[in-house]
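Asker: Just to be clear, the model below is a prediction. Sequence and coordinates:
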Amino acid sequence: MMVLMAEKWDVVVAGGGTAGLAAARAASSEGGKVLLLEMQAQIGGHTPSASLVSVDLSRILNKRALVTCLREINLHAPHGDLTIRYNGMNVVDRRWLDSLLAAEIAEKGGDIWLNAPVKGLLLKEGVVRGVHLGVGDWSENIEGEVVVDATGARGDLSCLFLREVLKSEWKRELMSFSNEYLMANAKDEKSADIFFDSYSAPSGHAWVYPLGKGFALSGINGLRIHPDAALDEFLGRKEIKKLARAVPITSSRGRLPLEGPLFQTCADGIIAVGGAAGQIYPPSGQDLQYSLRCGEIAGRVAIDAVTEGDVSKERLSEYDRFWRSIFGQEFEVGRLIHSSLSLSQDRKMDAIVLALRNKPSLQRAFVNVFNGFDLKSSTKNLLKDEQILKILGGKTVDRLSKWR
């Protein structure tokens with residue numbers, strides 16, 4: 001097998017999804033010599049095709065990535081539906097957003113290699129010194145002062161930091177499996193639909209998001225499901241009117257760890273970010289806001305450490321402390337909400353839909369808490385309602401109340 005040795009880089013980012021792109025952009029902006037490696041032939045990796053984004057996040061994203069401004073959210077429980085007026089929430093085209101981030105990296109002098117599968121880490125005396133690429137009879141070692149693991153958690157080549165540094169794996173019983181169809185010839189609407197159904201999506205949900213004229217994204221996630229069969233069966237059972245004449249034109253499978261962030265997200269010469277670090281908001285599987293912000297923190301800390309000539313775990317721990325100070329409590333709130341609503345899922349979601357009727361401010365608070373938007377204020381508002389308190393349960397409410 002032929003092995004090539006490449007030049008040395010300041011920061012090597014493994015993974016071309018949103019978290020990796022944000023890290024590479026930040027490091028490039030600081031003047032670092034940055035290389036981003038993506039295993040597929042296109043930027044975006046296993047990034048979902050679309051995400052819901054809050055009003056605040058919409059303001060800082062490139063407007064070209066925003067494809068639909070929603071007017072309402074339709075919640076569908078097993079035995080009841082609720083339409084919630086929600087002006088201002090946007091649907092973002094994740095693939096286009098990632099392409100725009102990649103363009104900024106190139107503009108700032110960073111390099112991007114496609115078809116570059118990272119097979120493992122280069123270790124010297126227990127310190128990460130780069131990555132190993134390989135496919136077939138070809139392989140190459142890429143040396144870097146700091147490696148950013150942004151490989152996600154969706155495939156066999158994911159989670160380099162978890163597997164090779166922490167010598168561990170995600171708990172399979174807390175791994176959510178998902179599938180999404182990009183649907184063509186969908187009816188144009190300004191509403192998103194969220195379905196709660198333990199039969200099709202145990203401890204998860206299904207969704208339909210409008211994605212520009214004539215397109216929609218339909219998906220499902222849940223524990224212990226076969227994602228292909230689950231989505232097909234769900235669409236067949238529900239017969240969703242806006243998708244009556246729509247056909248799937250692309251499919252994307254994935255998986256998300258819902259057990260919370262890793263207890264440690266850096267070591268000598270390496271930082272983990274995004275899905276690879278477990279930075280996922282459990283109720284909705286939302287990751288965009290965390291991928292962007294944590295990726296930016298990772299890139300800036302990495303290049304600062306290189307500049308100072310200290311890429312030890314102690315120096316890189318600034319990243320770990322920084323992101324936890326901003327988002328650590330949010331992930332814990334999400335874990336508590338998800339754990340509570342996963343028990344007697346159908347009965348609780350039926351009860352929540354009833355509790356939200358004729359309460360517009362409470363409806364908006366629930367949508368925000370489900371998606372991880374404006375979380376502190378929205379959680380506080382949600383916990384003012386006696387019916388919601390009973391549904392969530394005493395222990396969950398006690399723990400959530402501490403954040404208030």
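Answerer: On my side now, so go ahead. Residues are numbered from 1 along each chain as shown.

Asker: low pLDDT regions in this structure?
Answerer: Residues of the chain meeting the criterion pLDDT under 70: 1-6, 45-48, 404.

Asker: Pick out the residue nearest the middle of it.
Answerer: Most central in the chain under Cα atoms, centre = their mean is residue 287, positioned 2.5 Å from the mean C-alpha point.

Asker: how near is residue 110 to residue 30?
Answerer: In this view, residue 110 and residue 30 are 11 Å apart by Cβ to Cβ, to the nearest Å. (C-beta placed from N, C-alpha, C; glycine too.)

Asker: Neighbour count: these two, which is higher?
Answerer: Remark: of residue 110 and residue 30, residue 110 carries more neighbours, 24 against 17, as counted by other Cβ atoms under 10 Å.

Asker: any idea how far the nearest residue in space to residue 212 that is not next to it in sequence lies from residue 154?
Answerer: Nearest non-adjacent residue to residue 212, counting by Cβ to Cβ, 6 or more residues apart in numbering: residue 67, 4.4 Å away. To residue 154, residue 67 is 23 Å away according to Cβ to Cβ.

Asker: same deal with residue 208?
Answerer: From residue 208 to residue 154 the distance is 21 Å (Cβ to Cβ).

Asker: follow-up on the earlier one: wait, what's in contact with the residue nearest to residue 212?
Answerer: 50, 90, 91, 92, 93, 96, 210, 211, 212 (Cβ atoms under 8 Å, 6 or more residues apart in numbering).

Asker: Drop anything exposed from the residues you listed.
Answerer: With neighbours counted by 16 or more other Cβ atoms under 10 Å, the contacts of residue 67 contain buried members at 50, 90, 91, 92, 93, 96, 210, 211.

Asker: secondary structure class for the residue nearest to residue 241 when sequence neighbours are not counted?
Answerer: Of all residues not flanking residue 241 in the chain, residue 187 sits nearest, at 7.2 Å (Cβ to Cβ, 6+ apart). What DSSP: H, G, I helix; E, B strand; the rest coil gives for residue 187 is coil.

Asker: Please identify which helix or strand holds the residue nearest to residue 212.
Answerer: Per DSSP states H and E, residue 67 falls inside strand 66-69.

Asker: so what strands line up beside the helix or strand following that strand?
Answerer: Heading C-terminal from strand 66-69, the first helix or strand you meet, by DSSP H and E, is strand 72-77. Using DSSP bridges, the strands paired with strand 72-77 are strand 80-85 (antiparallel), strand 191-195 (parallel).

Asker: gap between the shortest one and the chain center?
Answerer: If I follow you right, that is strand 191-195. 19 Å (Cα atoms, centre = their mean, to the nearest Å).

Asker: Need the contact partners of it.
Answerer: Strand 191-195 is contacted from outside by 52, 70-76, 83, 89, 91, 201, 205-210, 234, 238, 240, 242, 370, using Cβ under 8 Å, 6+ apart.

Asker: now what about the very next helix or strand once past it, what contacts it?
Answerer: Next helix or strand after strand 191-195 toward the C-terminus (DSSP H and E): strand 205-210. Contact with strand 205-210 is made by 50, 52, 67-68, 70, 91, 186, 188-197, 200, 216-222, 231, 234, 240, 242-243, 284, as judged by Cβ under 8 Å, 6+ apart.

Asker: Strands along the stretch 201-350 of the chain, start to end?
Answerer: In the stretch 201-350 of the chain, the strands defined using DSSP state E, counting those that start in this stretch lie at 205-210, 215-223, 247-257, 266-267, 270-272.

Asker: what's the closest of these to residue 21?
Answerer: strand 270-272 (14.8 Å; Cβ to Cβ).

Asker: Give the partner strands of that closest one in its sheet and their orientations.
Answerer: Neighbouring strands of strand 270-272 in its sheet, by DSSP bridges, are strand 138-149 (parallel), strand 266-267 (antiparallel).

Asker: Reformat those strands as JSON lines; add distance to residue 384.
Answerer: Shown next, in JSON lines, are these (distance: least, Cβ to Cβ, whole Å):
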{"stretch": "strand 138-149", "distance to residue 384": "41"}
{"stretch": "strand 266-267", "distance to residue 384": "39"}
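
Asker: Highest mean neighbour count out of those strands?
Answerer: With neighbours defined as mean count of other Cβ atoms under 10 Å, the strands paired with strand 270-272 peak in mean count at strand 266-267, which reaches a mean of 26.

Asker: Over to the residue nearest to the centre of the chain: give its phi and psi.
Answerer: phi -140, psi -10 (degrees, to the nearest 10).

Asker: and it, how far is that from residue 190?
Answerer: Following Cβ to Cβ, the distance that separates residue 287 from residue 190 is 24 Å.

Asker: And residue 206, by the same measure?
Answerer: Distance, residue 206 to residue 190, using Cβ to Cβ: 19 Å.

Asker: Same question for residue 128.
Answerer: As judged by Cβ to Cβ, residue 128 and residue 190 stand 47 Å apart.

Asker: More neighbours: those two, which one.
Answerer: Using other Cβ under 10 Å as the criterion, residue 128 and residue 190 rank with residue 128 on top: 26 against 12.

Asker: Can you give me the domain boundaries for the chain?
Answerer: When the chain is parsed with automatic domain parsing, its domains come out as 2-46+96-171+259-328, 64-92+173-257, 334-401.

Asker: Could you provide the ones you listed in TSV, with additional columns for distance to residue 58?
Answerer: Output for the domains of the chain, formatted as TSV (distance: least, Cβ to Cβ, whole Å):
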stretch	distance to residue 58
domain 2-46+96-171+259-328	11
domain 64-92+173-257	5
domain 334-401	11
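
Asker: Out of those, which one sits most buried?
Answerer: Mean neighbour count (mean count of other Cβ under 10 Å) peaks for domain 2-46+96-171+259-328 among these, with a mean of 21.

Asker: coming back round to it: who wins for proximity to residue 57 among the domains of the chain?
Answerer: The minimum distance between residue 57 and the domains of the chain falls on domain 2-46+96-171+259-328, with 5.5 Å, by Cβ to Cβ.

Asker: Note down every partner strand of the strand holding residue 67 and its orientation.
Answerer: strand 90-93 (antiparallel).

Asker: Specify the next element, helix or strand, located C-terminal of the strand it pairs with.
Answerer: Taking DSSP H and E, what comes next after strand 90-93 is helix 94-107.

Asker: Next, the angle strand 215-223 makes with that next one.
Answerer: 100 degrees (axes from the mean of the first three to the mean of the last three Cα atoms, to 10 degrees).
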